[in-house]
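>>> show me how the following folds:
(chains A and B)
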Amino acid sequence: MIPSPRRLSLGLISGLLALTSSPVSVSAVVSSSALSALRSVGPEGQGHEAAQKAWPLIAAAPAKDLPQLLAAMDGANDYAMNWIRTAIEAVVQREIGSGGTLPAASLESFLKDTRHNPRARRLAFDLIRRADPRAADALVPGFLNDPGNDLRREAVDRLVSEAGKQVATDKSAARAIYRRALHSAREADQIESLAKTLGDLGEKVDLPQTFGWVTRWRLIGPFDNTGNQGFTQAYPPETVIDPKAEYPGKGGTVRWVDAEAQGDYGMVDFNKPFGALKEVAGYAVAEFVSDKARPAEIRLGCKNGWKVWLNGKFLFGRDEYHTGAEIDQFRLPVQLRAGTNVILVKCTQNGQVEDWTKEWEFQLRVTNAQGTPIRSSR
Amino acid sequence: MNLLHLHLTGLLGLLLTGPLVAADWMQFRGPDGNGVSPDAQLPRTLDAQSVVWTADLPGRGVSSPIVVRDRVFVTSTSGPRNAELRVLCFGLSDGHLIWERQFWATGRTMTHEKISGATPTPVSDGQHVFALFSSNDCAALDLDGNLLWYRGLGKDYPNANNSLGMSSSLALADGTLIAQVESQSESFTAGLDPSTGRNRWRIERPRTSNWTSPVVFRDPAGRTLVLLLSSNGLAAVDVRDGSPVWSHDDKGSTVPSVTASGGRLYVPSNGLTVLEPVSGSKPKAVWRSTQLRTGTPSPVVLGDRVFLLNDGGILSCGDATDGKRLWQLRLEGPFSATPVVAGGLLYCVNEKGLVQVVDPAKPEGERVSTLPLGQTVIATPSIASNSLFVRSDGRLWRIGRASPL
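Below is the predicted model:
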C-alpha cells in the first residue's frame, strides 16, 4: 500500500518519485536538508533563518528536478508551500531564460498521479502549459473528476465552452453538456453560473440539493447582545441543548422553535420567528447523521457575528458585522462521528440601523474537503 | 511592439533613467508618504504621445506601482477567489516583464468587488520589495525575485481580516516594517524585522473596520513615530517597540490616511483636523475645518495650500495655515485615487481612467490637460524618473515626457 502523500516523509517522497518520475534520479538538492528546511517553516516566522539559507540552494536546482520539488509540497504546510513554489519559479525562470526546456514528460507523470498535493499538480499543469501548450490542452478533459478543484475547474470551463457552441443548433445536446459540467462543478461560482444557464434553457436546477444546505434547524432567541457584549456571553445553549427548556431572554422567556432553511441559498433566518430585532443573539441547532466517522468541512456563510460548535466542541467564531457574506465564506475542518452529530450555531446581530444591516441569518452545509456535499443520512 | 518602437522606448528609457532623474518612489504616496515628488518634472500637457509604454497585467489589483532603481513593481491577484497572489517586476525603460512570483493566499481573500486582494501597496528599502495582500500574506523578495521570507499573517492571526477586504499599505521606518492589520474581529499593528519577517512587536488596536495606511513621522524630539488612524482617532507609536507616544482621541476616518507635511499632520477627522506635534506632550490642534472634506483620497499639501478631493470630483483648496477654504474646482469624477504632485501640478486620475492635470497656482485652480486611459483606475498613481505610473486591473502605464528635460 502506498501511503497518502499527506503522510509522506521526505525520504518516502524521494522513493515515490523514483517510481513515478523515472528515469529522473533524485538529485542531491532534493534529498538534502535544504528542502527539509523549507518544509519546516511555520507560524510567525518560525524556521525562517534556516529556510533563508536553504532557498537559494533549492532555487539553483536543475529543471529536471522540478517534479521532485513539486513532490516536496506533499504534506507541506501553507507557509512552506509558498517557499517551495517561489524556488520552483526561480528554477523555471532561469531555465526558460537560458533557452532551456522544462521536463514536460516527467511533469505530466507527476500531474497524473492524483496522490500528490492538488496545488502542486495544478502548478505542474501550468508548467506543462508553458512547455507544451497543445499537450496541456489535451489533458484538460481528463480533469473533469479530478480531486483538485483548480484542475477540475478547467475541465468544467471546457465543457461550458463546448456547450455554448451547441446552444444555437441543438439546445438538448447543450443542456446535456451543461448538466455534465454541473455534476462535476464543486465551486459556488461555477455552480451558480451553470444553474443560471440551464435555467435560461428551461431546466431548473435544484440549488438547495446541489449545494446540500443543512435545512432542518431549531432556533432559540433572542438573547441580549447590547453593545455586542452578547457575543462573548455564554447563554445556556452553549452549555446544554435541551429542546424543552425555557430561558429568560431579551424581552421575555425564550424557547426552541422549529425552522426550515429557506430559498435556493439555504438561509436560516432568525428574523422570521423572532422579528427584525437589533442587538440580539440567537442559537440554531441541527442534528446531522453521518453513516460513518469521516473528515469533513462545515462551510458557513454569514454577515453577522457567529460561533460554531460540533458535538459540543467550539470550532471558531468571529464578531464582524455586515461586511458581506458569500457561499463557503468560512470553512471549518471537522471530524464527523458515525451516527448523530450536533451542530450548534450562535448568530449575533448588532445595533446598526441601515437598510443593509437587517439580515440576521446564516447558511451552512457539510462537505468533504473538495466541496462535495455530505448529506445527513436522516 | 515593433522594433523601432522598442528601440525608441529603450533610448527614451536611458534618457529618463540617466543620472539626472528624479528619486525612486518606493512606497504608497512616495518618498515622504504624502503624495509629493520632491524633484520630478512631469508634462503639463498630456496627450497620447505622453505614453512612454504600457504593460499588460494579470488578474486584478488596485495597489500603487512602486519604482526602485530601474524596476517597477506591481502586485495583482488572480484565479478563483483571487487566491493567487502575484508580484511582478517590469523594466523601467521599456516595460518588459523581468520576473514574476506567485503565492497561494494563506488567509481569507474575500473582498468588495471594487477593490482586490492586491490593494495594499508594497514598500521597498532599495534592496528588497515587501508585498502585502488583503489576505495579510506578506512576501519579501530581493529586486531579482529571490525570496527573503514569506509570512502568512492571515493564517497566524485568522480573525484579523475584513470580508470587504484589507487595504492598508506597508510602511518602513528605521529598519522596521510596519503592517497595520485592523478589523472588527481582531486588530493589530505589527513591526516586523525586514531581514527575517519575524515580529519585533505587535500591539492590539481598536477592533473596528479600518482601511487607512500607517504614516511615518519624525517628531520634534527626533523620535520616529508611526501614525495609526482609525475611527477612534489618531495614535502615535514608537517605531522601535510599538509603545504609545500620544493619541488624538477624536473620530477619525477609516479610508483616507493622514498626510504629514511641514511638521504638521493633516488628519481626515471631522472634516480636516490639523495637528502640530510638540516635544513632550500631545500634539497641538492648529485648526479644524468642516468645509474641507475628502472622500476616499487622502489630503495633499503643496506649500501653504492643502487639497482635498472628494469621491464625486470636487477639488477643494484650503489655506494650510488657517483652514480657510479658498476655492473649489469641479473635476470629472468619481475618484478613489489620491492625487499626486510633481512640479507644482496635481495629477488626478478618476475611476474612468481619465488623468486630469490641475494647476493649483491659477486663480480658482485650472484643469490644464487630460489624458483618457480608457480603463477603470482605482489605484493611486506613482511618480519616478519624471514619469507618472498608473495601473488598472489589466494595464500599467508609464506616462512622461516625450523628450529629455
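
>>> got the residues of chain B near chain A?
B:79-80, B:99-104, B:106, B:110, B:112, B:137, B:139, B:141, B:145-152, B:155-156, B:158-159, B:162-164, B:183-186, B:196-199, B:209 (CB under 8 Å from any CB of the partner chain). Where C-beta positions appear, they are placed from N, C-alpha and C, glycine not excepted.

>>> give me the buried entries from these.
Buried members of the residues of chain B next to chain A, counted by 16 or more other CB atoms under 10 Å in any protein chain shown: B:79, B:99-104, B:106, B:110, B:137, B:139, B:141, B:145-152, B:155-156, B:158-159, B:162-164, B:183-186, B:196-197, B:199, B:209.

>>> out of those residues, which sit inside strands?
If you go by DSSP state E, these have B:99-104, B:137, B:139, B:141, B:147-152, B:199 in strands.

>>> residue numbers of chain A in contact with chain B?
When proximity is defined as CB under 8 Å from any CB, chain A approaches chain B at A:41, A:43-45, A:48-49, A:51-52, A:55-56, A:59, A:78-79, A:81-83, A:85-87, A:89-90, A:93, A:119, A:149-150, A:153, A:187, A:189, A:303, A:316, A:318-321, A:323-326, A:329.

>>> so which of the residues you listed are in strands?
With DSSP E as the criterion, strands contain A:316, A:318 from among the residues of chain A next to chain B.

>>> mind checking pLDDT for the residue of the stretch 201-350 of chain B found nearest chain A?
The nearest approach of the stretch 201-350 of chain B to chain A comes at residue B:209, 6.6 Å away (CB to the nearest CB). On the pLDDT scale, residue B:209 is placed at 97.

>>> got the contact list for it?
A:323, B:162, B:164, B:182-184, B:231, B:254 (CB atoms under 8 Å, 6 or more residues apart in numbering or on different chains).

>>> just for chain B, where's the confidence low?
For chain B, the stretches with pLDDT under 70 are B:1-22, B:401-405.

>>> quick one: contacts for the nearest residue to residue B:62 once chain neighbours are set aside?
Once flanking residues are discounted, residue B:62 sits nearest to residue B:378: 4.0 Å by CB to CB, 6 or more residues apart in numbering or on different chains. Neighbouring residues of residue B:378 by CB under 8 Å, 6+ apart: B:62, B:114-115, B:336-337, B:351.

>>> what helix or strand is residue B:378 located in?
Using DSSP states H and E, no element contains residue B:378; it sits outside every helix and strand.

>>> picking that back up, can you tell me which of the residues of chain A next to chain B are buried?
By 16+ other CB under 10 Å, these give A:41, A:43-45, A:48, A:51-52, A:55, A:59, A:78-79, A:81-83, A:85-87, A:89-90, A:93, A:119, A:149-150, A:153, A:187, A:303, A:318-321, A:323-325, A:329 as buried.

>>> in helices only, show me these.
Those of those mapping onto helices are A:48, A:51-52, A:55, A:59, A:78-79, A:81-83, A:85-87, A:89-90, A:93, A:119, A:149-150, A:153, per DSSP state H.

>>> residue 35: neighbour count?
No chain in the question, so chain A it is. Neighbourhood size, residue A:35 [other CB atoms under 10 Å in any protein chain shown]: 27.

>>> looking at chain B here, not the other one
For residue B:35, using other CB under 10 Å, the count is 28.

>>> ok, it touching residue B:342?
No: the criterion here is CB atoms under 8 Å, and residue B:35 misses it with residue B:342 at 9.8 Å.

>>> now do the helices in the chain.
Assuming you mean chain A. Applying DSSP H to chain A gives helices spanning A:10-20, A:28-31, A:33-39, A:48-59, A:66-71, A:78-97, A:104-112, A:118-131, A:133-139, A:149-166, A:171-184, A:188-200, A:207-211, A:271-274.

>>> switch to chain B, please.
Taking DSSP H, the helices of chain B run over residues B:3-16, B:153-156.

>>> wait, what's in contact with the residue in chain A that chain B sits nearest to?
Using CB to the nearest CB, residue A:45 is the residue of chain A that sits closest to chain B, at 3.6 Å. When contacts are counted by CB under 8 Å, 6+ apart, residue A:45 is found next to B:149, B:151, B:196-199.

>>> once you drop chain neighbours, what's closest to residue B:115?
Using CB to CB, 6+ apart and skipping the chain neighbours, the partner closest in space to residue B:115 is residue B:165 (4.8 Å).

>>> ok, the residue lying closest to residue A:260 once chain neighbours are set aside to residue A:206 distance?
Spatially, and ignoring its direct neighbours in sequence, residue A:260 is nearest to residue A:215 (5.8 Å; CB to CB, 6+ apart). Residue A:215 sits 12 Å away from residue A:206 when distances are taken as CB to CB, to the nearest Å.

>>> next, count neighbours for residue 61.
Using chain A. Residues lying near residue A:61 (other CB under 10 Å) number 23.

>>> sorry, should have said chain B
Look at residue B:61: counted by other CB under 10 Å, it has 31 neighbours.

>>> thought it was touching residue B:391?
Yes: using CB under 8 Å, residue B:61 makes contact with residue B:391 at a distance of 6.7 Å.

>>> joint contacts of the two?
B:74, B:379.

>>> mean confidence for stretch A:333-350?
Mean per-residue pLDDT for stretch A:333-350: 98.

>>> okay, buried residues for that stretch please.
Neighbour-count burial for stretch A:333-350, counted by 16+ other CB under 10 Å, picks out A:334, A:336, A:341, A:343-350.

>>> what's around the residue nearest to residue A:136 when sequence neighbours are not counted, how many residues?
Closest residue to residue A:136 apart from its sequence neighbours, by CB to CB, 6+ apart: residue A:129 at 3.8 Å. Neighbourhood size, residue A:129 [other CB under 10 Å]: 18.

>>> and the gap between residue A:129 and residue A:357?
According to CB to CB, residue A:129 stands 45 Å off from residue A:357.

>>> can you check residue B:39 too?
Residue B:39 is 48 Å from residue A:357, where distance means CB to CB.

>>> how about residue A:145?
Counting by CB to CB, the gap from residue A:145 to residue A:357 is 42 Å.

>>> between these two, tell me which one has more neighbours.
residue A:357 (16 against 10).

>>> ok, the more buried one touching residue A:322?
Yes: if you go by CB under 8 Å, residue A:357 and residue A:322 touch, sitting 4.7 Å apart.

>>> between these two, which contacts overlap?
residue A:350.

>>> burial of residue 290, as a residue count?
Answering for chain A, as no chain was given. When counting by other CB under 10 Å, one arrives at 20 neighbours for residue A:290.

>>> wait, chain B
For residue B:290, using other CB under 10 Å, the count is 10.

>>> counting neighbours, what do you get for the residue nearest to it when sequence neighbours are not counted?
Of all residues not flanking residue B:290 in the chain, residue B:271 sits nearest, at 3.9 Å (CB to CB, 6+ apart). The local packing of residue B:271 (other CB under 10 Å) involves 17 other residues.

>>> where does residue B:271 fall, phi/psi-wise?
Taking degrees, to the nearest 10, you get phi 90, psi -110 for the backbone angles of residue B:271.

>>> ok, it touching residue B:287?
No: using CB under 8 Å, residue B:271 is not in contact with residue B:287, being 10.2 Å away.

>>> what separation do you get for residue B:50 and residue A:318?
Going from residue B:50 to residue A:318 by CB to CB gives 47 Å.

>>> now residue B:222
In terms of CB to CB, residue B:222 sits 41 Å off from residue A:318.
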